[in-house]
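S.K.: sequence plus predicted model, see below.
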Amino acid sequence: MTSSSGAILREPRLRINRHRRLCLSITAVLVALSVLGLVLSWLSPIQAPLKPGLDFTGGTSIQVERNCGDRCAELSVQQVQEALPAAAVVQLLDDGQAVSVRSSALSPAESGAFVDALEQVAGPLIATDTQINTIGPVLGKQLLTSSVLALTVSFAAVALYISARYARLYAALALLALAHDVLITSGLFAWLGLLAGVEVNSLFAVALLTLAGYSVNDTVVVFDRIREQQRLLPDLSVEDQVDRAVDGTLTRSIYTSLSTEIPILALILFGGASLQWFAVALFVGIAVGAWSSVAVVPPLLPLMGGRLPQRAASSGVVA
Amino acid sequence: MTRPQGWLALILALAIGSLLVLRSLPLSLGLDLRGGSQLTLLVKPAGDITRVESKQLEAVKEVLERRVNGLGVSEASVTTSGSDRIVVQLPGVQDPRRAAEVLGTTARLEFRAQKPETQQELSNLTRLKRLIVARQEQLAGRNQASDGEQAPDVSGPLTDLLKQQGIEVPANASEEEQLEALLIETERRITPLFGEPELTGSDLVDAGRQQQQGSQSWEVTLRFSQAGGEKFADLTKSIAGTNRLLGIMLDGRSISEASVGPQFATAGITGGAATITGRFSADEARDLEVQLRGGALPLPVEIIENRSVGPTLGAQNIRNSLIAAGSGTALVGVFMVIIYRLPGAVALLALLLYSLFNLALYALIPVTLTLPGIAGFILSVGMAVDANILIFERSKEELRDGNTLFRSVDTGFSRAFSSIFDGHLTTLISCAALGWLGSGLVRGFAVTLAIGVLLSLFTALTCTRTLMRLALSYPALRKPSLFLAASSQP
């Protein structure tokens, strides 16, 4: 282990525990803002912490593109609404080039009748661009429960794994980081829902579930370093060990987040409307995840003990 | 890992194999990428059955498969999902109305004999039915010949009739819709005037359709099995010459009532064939033919989800995600080369191999690529790069501490392993939870992410490592400046 002797001597460039107060204050502000967003959203007409989209509420959405060359004939929302066979929320998109219709769940025959009516009032339509989504109300509820269940199960499984590989405190902190990441990402979308009408759909659930996995991955890398420090430098204080671990993984954390954010940025820019908000959720979540693994968990760890049992400290997998 | 040559040969073989796989097996694209309709059907318990079991689900699926084949949609797929759902994918179908009608109805065909002493009641109902049908045909412009003589105008008393029968229709329903509602109700009321079903759709061996002579209407022809033919003969014999009628019921609606002439009183109608003349349009006749050929659904179904994406929209989605995936990978490559120099270039090569293996696995397994699936892939690219970054950061540290290149690279790999392993495993745990509990979209995402994470474990630990060793075997490449930015050199 002569190769690591150099590392022992070098003073860490960053001592995260010296900035504990700042880190935790920033975190507290972010969390408070998120909770505020969720609560406001609950109190607003949305009546839920996040504005639920079609996937959760059930219903039918129809989107058609009009085929009218350079300029489309004038069309008003009211005109469309009157032409439709049943009540629906109508939106004109892209300067009236596209029409979006939202209603309660329709059978295929009924939604076909809607498209026919749209053809009458807003036609001619580009038939190959029509998009119809119908989600039964049962399905929406099921999506919610299955997402929550999946999240809980993956929480539990990850906690078990970290307890076994590290210690129970580490598992608790990893889950705390995870909850922090999910909460702040949700908080942002609560604000987006309040201010810009952004809805969450099943892809948002997927994004949160992905973050759960990614966030833990990020945190575990720091844990792994702490374990190594405790093995190599057992005489240092926990605070010192944690500082060195964070310092040693900081470059990696930044680079990794950057290298993951780059493809996601590409997804935001070029992925098209259907994936845009999904990508935004991932983008924010990964940034927040990097923050929590560097600036939330490490400052908390020494406060709560944080020394690994000897067995765990020496059981690192070595290739 | 003592023989890098062996690993190199393996990697080359896998790369060539992947290319061959991709050449011969097409990637299957989800409907959101190629355009089409996806219907999710909920199988509902009925009668004695209170819970849908896998055997019944399979039975429903088989019938639906036959019907889908009958619809003539190429590459359609019917899969079960969960304990009581069936997902039908119809590529290229933009208007799922017809498919929904054909798939969603039970199509339980029954032949029944009229109960005695019901003549008066039945003739009232059949007269009403005839009036409705005549008016419908008149409205549809299908029956102009008889326009003058018997065009009963039921539009006036129609609303009264509806009210009288206790049928509720939307206030703004058109006359056609009111007529349809009335017709369905009338046909339902006819059914109890007939006895128990004596012959059902399961006694059929084939169904067909033909245009009725001298008419715009179509009729559906039936061919019975041996036993079915005998039952049909018995049934017709029993009512031949009486004034009781033979009723043909579909899903509890009487679609045709026919009298059987006295000449059949001795043997019944033999020959094992029959024709239903229910004044079908060409489309209706074709749909009924498809349903009867496919058999009746053992349990009723309800369409609970319908997602339809037009083909140009799908093509747009493909283009968008290809651009995103391509530019994402390219940018990450540039990032890696800027930061890590030679190792970065090696990582980029490993990343390209990684993408290639991924695509080949999608074709092999096969994984149907959907938008969330592509998102999963793009995310896994990020994670694959993470493994390389962990390794290179470790190597850099070793190098800064004054170790030799070889030693630094090797130690980098072995010391990064435990964090790579832990990180990948926790992601895999999440994927398992998602794939196991999530539905549809969520599962597609979990599958590609899981494949990506597993592969990344392989490429980071073998491809990058082998390629690094290969690079280091060229003396010209063994310069620390190719590994460290000038500022951080010792």
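M.R.: Received it, and whenever you're ready, just let me know what you need. From a predicted model like this one, the values you see are computed outputs, not experimental measurements.

S.K.: so after the helix or strand of chain B with the lowest mean pLDDT, what's the next helix or strand?
M.R.: Least confident element among the helices and strands of chain B, by mean pLDDT, DSSP states H and E: helix B:155-164 (a mean of 63). As assigned by DSSP states H and E, the chain's next helix or strand after helix B:155-164 is helix B:175-190.

S.K.: list the buried residues for that next one?
M.R.: Buried residues in helix B:175-190, defined by neighbour count with 16 or more other Cβ atoms under 10 Å in any protein chain shown: B:Gln178, B:Leu179, B:Ala181, B:Leu182, B:Leu183, B:Glu185, B:Thr186, B:Glu187, B:Arg189, B:Ile190. Any C-beta I mention is one placed from the backbone N, CA and C, and that applies to glycine too.

S.K.: B:Arg307 versus the second one, what's the distance?
M.R.: Looking back up the chat, that one is B:Leu179. From B:Leu179 over to B:Arg307 the distance is 32 Å, taken as Cβ to Cβ, to the nearest Å.

S.K.: one step back: with distance to chain A and pLDDT as extra columns, can I get the buried residues of helix B:175-190 in CSV?
M.R.: CSV is the format used below for the buried residues of helix B:175-190 (distance: Cβ to the nearest Cβ, whole Å; pLDDT from 0 to 100):
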residue, distance to chain A, pLDDT
B:Gln178, 14, 77
B:Leu179, 16, 80
B:Ala181, 14, 80
B:Leu182, 18, 82
B:Leu183, 16, 84
B:Glu185, 18, 84
B:Thr186, 20, 85
B:Glu187, 18, 85
B:Arg189, 23, 86
B:Ile190, 24, 87
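
S.K.: quick check, the helix ranked longest in chain A touching chain B?
M.R.: Ranked by residue count, the top helix of chain A under DSSP state H comes out as helix A:238-270. Yes. Counting by Cβ under 8 Å from any Cβ of the partner chain, chain B is contacted by helix A:238-270 at A:248-249, A:251-252, A:255-256, A:258-267, A:269-270.

S.K.: and that helix, what's buried?
M.R.: Going by neighbour count (16+ other Cβ under 10 Å), the buried part of helix A:238-270 is A:238-253, A:255-268, A:270.

S.K.: cool, stretch A:134-146 as well?
M.R.: Buried residues in stretch A:134-146, counted by 16+ other Cβ under 10 Å: A:Thr134, A:Ile135, A:Gly136, A:Leu139, A:Gly140, A:Leu143, A:Leu144, A:Ser146.

S.K.: now, those residues that are in helices?
M.R.: Cross-referencing the buried residues of stretch A:134-146 against helices under DSSP H gives A:Leu139, A:Gly140, A:Leu143, A:Leu144, A:Ser146.

S.K.: quick one: low-confidence ranges for chain A?
M.R.: Chain A contains residues with pLDDT under 70 at A:1-10, A:69-71, A:310-319.

S.K.: the stretch 301-450 of chain B now?
M.R.: Applying pLDDT under 70 to the stretch 301-450 of chain B picks out residues B:438-441.

S.K.: run the last query once more with 80
M.R.: Within the stretch 301-450 of chain B, the segments meeting pLDDT under 80 span B:311-314, B:371-372, B:374-375, B:378-379, B:382-383, B:419, B:423, B:434, B:436-443.

S.K.: tell me which stretches of it form helices.
M.R.: For the stretch 301-450 of chain B, the helices defined by DSSP state H, counting those that start in this stretch cover B:311-364, B:371-400, B:405-437, B:440-458.

S.K.: can you add distance to A:Ala205 and mean neighbour count and give those helices back as TSV?
M.R.: What follows is the helices of the stretch 301-450 of chain B, written out as TSV (distance: least, Cβ to Cβ, whole Å; neighbours: other Cβ atoms under 10 Å in any protein chain shown):
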stretch	distance to A:Ala205	mean neighbour count
helix B:311-364	20	20
helix B:371-400	11	26
helix B:405-437	9	22
helix B:440-458	7	23
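
S.K.: could I get these in JSON lines, plus columns for distance to B:Val43?
M.R.: JSON lines is the format used below for the helices of the stretch 301-450 of chain B (distance: least, Cβ to Cβ, whole Å):
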{"stretch": "helix B:311-364", "distance to B:Val43": "28"}
{"stretch": "helix B:371-400", "distance to B:Val43": "26"}
{"stretch": "helix B:405-437", "distance to B:Val43": "21"}
{"stretch": "helix B:440-458", "distance to B:Val43": "17"}
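
S.K.: can you put those helices in CSV and add distance to chain A?
M.R.: Listed next are those as CSV, based on distance: least, Cβ to the nearest Cβ, whole Å:
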stretch, distance to chain A
helix B:311-364, 3
helix B:371-400, 3
helix B:405-437, 3
helix B:440-458, 5
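
S.K.: A:Val296 is nearest to which of those helices?
M.R.: A:Val296 lies closest to helix B:405-437 among these, at 17.4 Å (Cβ to Cβ).

S.K.: report all helices and strands that the closest one contacts.
M.R.: Applying 3 or more Cβ pairs under 8 Å, 6 or more residues apart in numbering or on different chains; DSSP states H and E, we find helix B:405-437 packed against helix A:137-165, helix A:202-232, helix B:371-400, helix B:440-458, helix B:465-472.

S.K.: which residues sit in contact with A:Ala266?
M.R.: With contact set as Cβ atoms under 8 Å, 6 or more residues apart in numbering or on different chains, A:Ala266 has these partners: B:Ile323, B:Ala324, B:Ala325, B:Ser327, B:Gly328, B:Leu331, B:Ile378.

S.K.: no wait, A:Leu258
M.R.: If you count contacts by Cβ under 8 Å, 6+ apart, A:Leu258 has them with B:Phe335.

S.K.: likewise the one 5 residues further on?
M.R.: Taking Cβ under 8 Å, 6+ apart as the definition of contact, the neighbours of A:Pro263 are B:Ala324, B:Ala325, B:Gly328, B:Thr329, B:Leu331, B:Val332, B:Ile378, B:Leu379, B:Val381, B:Gly382.

S.K.: which of these lies closest to B:Ser74?
M.R.: Closest approach between the contacts of A:Pro263 and B:Ser74, by Cβ to Cβ: B:Ala325, at 27.6 Å.
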